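S.K.: sequence and predicted model, in that order:
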2 protein chains.
Amino acid sequence: MLDVAATAGVSVATVSAVVNGTAPVSSELRGRIENAIAAIGYKRNAIARSLKTGATKTIGLVIADITNPFFTDVVAVIQDVLHRAGYAVMLCCTDEDPEQQEEQISLLLDRMVDGLIIAPAGDDHALERVLQRAGIPTVLIDRISDGIAADAVVLDNQRAVQDAIDYLVGLGHRRIGYISGSLDTSTGLGRLAGYRGALENAGIPHDDALVRIGNFREKDAYNAAMQLLVMPERPSAIFSANNLMVIGVMKAIRDMGLRCPDDISVSSFDDFPWADVFQPNLTTIAQPVQAIGEHASQLILDRLADRSDRPPRQIVLSGRLMIRSSCRPFAAPDGG
Amino acid sequence: MLDVAATAGVSVATVSAVVNGTAPVSSELRGRIENAIAAIGYKRNAIARSLKTGATKTIGLVIADITNPFFTDVVAVIQDVLHRAGYAVMLCCTDEDPEQQEEQISLLLDRMVDGLIIAPAGDDHALERVLQRAGIPTVLIDRISDGIAADAVVLDNQRAVQDAIDYLVGLGHRRIGYISGSLDTSTGLGRLAGYRGALENAGIPHDDALVRIGNFREKDAYNAAMQLLVMPERPSAIFSANNLMVIGVMKAIRDMGLRCPDDISVSSFDDFPWADVFQPNLTTIAQPVQAIGEHASQLILDRLADRSDRPPRQIVLSGRLMIRSSCRPFAAPDGG
DNA sequence: GAAGCTAATCTAAACGTTTCGAATCTGTCA
DNA sequence: TGACAGATTCGAAACGTTTAGATTAGCTTC
């Protein structure tokens, strides 16, 4: 910018004025400066600018797992919206680990991101403390933490799972296995509540042995499903609380020499683009990823535009049960 | 830092020295300074630091599509390695669009990333020009551009596809449809060359009508596959040049009332974690995503550590044919 | 005891912007 | 003609670091 000013024969203040359009500049000087900029190939240094203005035009985005299609779908729309609004996005993954989460957030804060969009990984207290100190606009997605007063966009997990279990019950299933996500998360809790609520409504007594923790991961879910499948009176249906885990469930079913839906019905949270083309066509709960991403982006942009502290807003969206062919009406087992 | 210096009764230079460990400091002062830091809760401002040092400890990572599991797998390992090395990663998507690519790279350059890892989306010349001007370490992944002299890690696409087509030919298939990615990319080109090479080796005359462009996208691939399936003499097998497109191919097959592998065999580039559990179990070419990510990270770290310009290194890895059950030996159609 | 070293500490100038208040210029009005 | 207002332009001080070079103090060494 010094160079530009020198070759245009003006002061840096004037150059800054035309680069940012922050002050009126005579058309003559404007012309000279624009020529100088073109000649030199000058580009404004965003770092120096950030240091002075205190804003980086960058949003930190923290998710649990970049390998999970649900998160990547949401990330794609958030990036799209925020880029359009002139923000860059810095993406970090916590691997479902609260410690890594703290590290990653700290890394983002160091780099002075203007705002944070987070899908929290457990451990509310640490997160609360960190965000408190950060003092920048934050919106939570997918999962929320009681302690934290922040904007959020979440799903009505309980309602969604309840619908799915209702459907299974409607098909005559009574012993329905449930592979749960981590109960440190609001999604893990909410979805389990949906399962319990549906059973209760149907007057089916609750059997703790049918609920296994899969921690939202394929491997843990495989083990959990195995435990279900070796039970003397094994469930006639299994519901998996997310997309990664249902793969594990299907592998367990295969390894036990069973077939879905012939021997056992399966349904899961989160939809797949290929769900209606590979067999069994999974019956799933589709999340409105587009809406989640758009709302999250809008919430943070609103906060960024207007730093007054209006009370946190919480947006609750609904899942949609996609009925396909991975669930069959219950038939008593051969020997029964 | 001024505050810390004041409360510790030392100069900022000394504070800087202990914070960075760049100069010897007596244990007495060190103690006072550390106390002051703890008391104030001081954190070094990375922006100011970057302005002075000219390094941001951030790497820009540019991929075509965050929704593509291949890219996300690679991103996951790159992020892991680079974080461990003290770098943050800024992820951008080009949506396979050279114009967006230029925009995103410019955005990263503005923010003074120390290095760039790019999976280029066509248009070599623009990219070459941009990188030339950027003058920072760059490594290309997945795809390369002839014009650009940069480190790169790629697959031997030709060999991999040739293996897959050889396999199909070995099963007796003669009319093999090919859904190609964009021919503006080295991957699109290399994979097609593999297809052609295999046919040539087998002495099968080449039929242009069997090759359709799917642009690496599900929707385009669906249309491309449809064109193949309505041919009077339709192919007995189809190979898809990536993971997204094979979904489109399968949808086309379904919509035409055909079944895989009974009526038509299917194989594709890129593996799926669920490939051996949902039917048909796709025969695919698995890419060594872990190795790709590790090599890419290492190349950029090497460049960063040693700015001398040794000639660009190019690492070529091999794909692995995962034979499952989506391909059947060729049987002459009923009417034939 | 002066000179010379070493080690620790400090001073002050960058880095490339933004921005506030001062300075300059042009024209208008009394 | 002189004062004043409005429109431009400029000078210089920040922003929070790093770092080269100056300074100081404490030891050796002769």
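M.R.: Perfect, thanks for sending it. Numbers count the residues shown, from 1 in each chain, chains lettered A, B, ... in the order given.
S.K.: any weak-confidence spans in chain A?
M.R.: Within chain A, the stretches with pLDDT under 70 are A:123, A:333-336.
S.K.: that one: strands as residue ranges?
M.R.: Counting by DSSP state E, chain A has strands at residues A:58-63, A:88-93, A:115-118, A:138-141, A:151-155, A:176-180, A:211-213, A:237-240, A:265-269, A:283-286, A:314-317, A:320-322.
S.K.: ok, now which ones touch the residue in the stretch 1-150 of chain A that DNA strand C sits nearest to?
M.R.: As assessed by Cβ to the nearest atom of the strand, DNA strand C sits closest to A:Met1 within the stretch 1-150 of chain A, at 2.8 Å. Just so you know, the C-beta spots here come from the backbone N, C-alpha and C atoms, and that holds for glycine as well. Neighbouring residues of A:Met1 by Cβ atoms under 8 Å, 6 or more residues apart in numbering or on different chains: A:Val12, A:Val15, A:Ser16, A:Val19, A:Tyr42, A:Arg44, A:Asn45.
S.K.: can you pull the residues of chain A lying near DNA strand D?
M.R.: When proximity is defined by Cβ under 7 Å from any atom of the strand, chain A lies next to DNA strand D at A:9-14, A:17, A:23-26, A:28-29, A:48, A:51-52.
S.K.: rerun at 10 Å
M.R.: Residues of chain A lying close to DNA strand D (Cβ under 10 Å from any atom of the strand) are A:5, A:8-18, A:22-30, A:32-33, A:47-54, A:112.
S.K.: pretty sure A:Met90 sits against A:Lys57.
M.R.: No. With contact defined as Cβ atoms under 8 Å, A:Met90 and A:Lys57 do not form a contacting pair (11.1 Å).
S.K.: coming back round to it: the residues of chain A next to DNA strand D in helices, which ones?
M.R.: When the residues of chain A next to DNA strand D are checked against helices (DSSP state H), the matches are A:5, A:8, A:12-18, A:27-30, A:32-33, A:47-53.
S.K.: of those residues, grab the buried ones for ChimeraX.
M.R.: Only the buried members of those end up in this ChimeraX selection, burial being decided by 16 or more other Cβ atoms under 10 Å in any protein chain shown:
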select /A:5,8,14,15,16,17,18,29,30,32,33,47,49,50,51
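S.K.: for the stretch 201-336 of chain A, what spans make up the helices?
M.R.: If DSSP state H, counting those that start in this stretch is used as the criterion, the helices of the stretch 201-336 of chain A fall at A:218-229, A:243-255, A:289-305.
S.K.: tell me which of those sits nearest to DNA strand C.
M.R.: The stretch from the helices of the stretch 201-336 of chain A with the least distance to DNA strand C (Cβ to the nearest atom of the strand) is helix A:289-305; that distance is 15.5 Å.
S.K.: can you tell me what sits against that closest one?
M.R.: The list of residues contacting helix A:289-305 from outside it, by Cβ under 8 Å, 6+ apart, reads A:59, A:70, A:73-78, A:80-82, A:85, A:114-117, A:137-139, A:141-142, A:151, A:153, A:155, A:313, A:315, A:317.
S.K.: so for A:Met90 and A:Lys57, which sits in the more crowded spot?
M.R.: With neighbours defined as other Cβ atoms under 10 Å in any protein chain shown, A:Met90 and A:Lys57 compare such that A:Met90 has more, 23 against 19.
S.K.: residue contacts, that one?
M.R.: Counting by Cβ under 8 Å, 6+ apart, A:Met90 touches A:Thr58, A:Ile59, A:Gly60, A:Leu61, A:Leu108, A:Arg111, A:Val113, B:Ala88, B:Val89, B:Met90, B:Leu91.
S.K.: DNA strand D: which of the residues you listed is nearest?
M.R.: The shortest gap between DNA strand D and any of these belongs to A:Arg111, at 12.8 Å (Cβ to the nearest atom of the strand).
S.K.: gap between the closest one and A:Gly194?
M.R.: Here the criterion is Cβ to Cβ, to the nearest Å. By it, A:Arg111 lies 39 Å from A:Gly194.
S.K.: compare the two (neighbour count), which wins?
M.R.: Comparing A:Arg111 with A:Gly194 by neighbour count (other Cβ under 10 Å), the higher total belongs to A:Gly194, at 27 against 22.
S.K.: what's near enough to touch the residue lying closest to that one once chain neighbours are set aside?
M.R.: Nearest-residue entry for A:Gly194: A:Val161, 2.9 Å, with adjacent residues in sequence omitted and distances by Cβ to Cβ, 6 or more residues apart in numbering or on different chains. Shown here is A:Val161, whose contacts under the criterion Cβ under 8 Å, 6+ apart are A:Gly190, A:Arg191, A:Leu192, A:Ala193, A:Gly194, A:Tyr195, A:Ala198, A:Phe239, A:Ala241, A:Phe269, A:Ile285.
S.K.: check contacts around A:Glu102.
M.R.: Counting by Cβ under 8 Å, 6+ apart, A:Glu102 has contacts A:Ala126, A:Leu127, A:Val130.
S.K.: so what's the first one up against?
M.R.: Listed by Cβ under 8 Å, 6+ apart, the contact set of A:Ala126 reads A:Pro98, A:Gln101, A:Glu102.
S.K.: the same query, at a cut-off of 10 Å, please.
M.R.: A:Pro98, A:Glu99, A:Gln101, A:Glu102, A:Ile105, A:Pro120 (Cβ atoms under 10 Å, 6 or more residues apart in numbering or on different chains).
S.K.: and the residue nearest to the last one when sequence neighbours are not counted, how many neighbours?
M.R.: Computed as Cβ to Cβ, 6+ apart, the closest residue to A:Pro120 that is not its neighbour in sequence is A:Arg143, at 5.1 Å. In terms of burial, A:Arg143 registers 24 neighbours under the definition other Cβ under 10 Å.
S.K.: from A:Thr58, how far out is A:Arg143?
M.R.: Applying Cβ to Cβ to A:Arg143 and A:Thr58 gives a distance of 23 Å.
S.K.: and what of A:Asn35?
M.R.: Separation of A:Asn35 from A:Thr58 (Cβ to Cβ) stands at 31 Å.
S.K.: higher neighbour count, the two?
M.R.: More neighbours sit around A:Thr58 than around the other of A:Asn35 and A:Thr58, counting by other Cβ under 10 Å; the figures are 22 against 13.
S.K.: hang on, that one packs against A:His83?
M.R.: No. Here A:Thr58 does not reach A:His83: they are 11.1 Å apart, not a contact under Cβ atoms under 10 Å.
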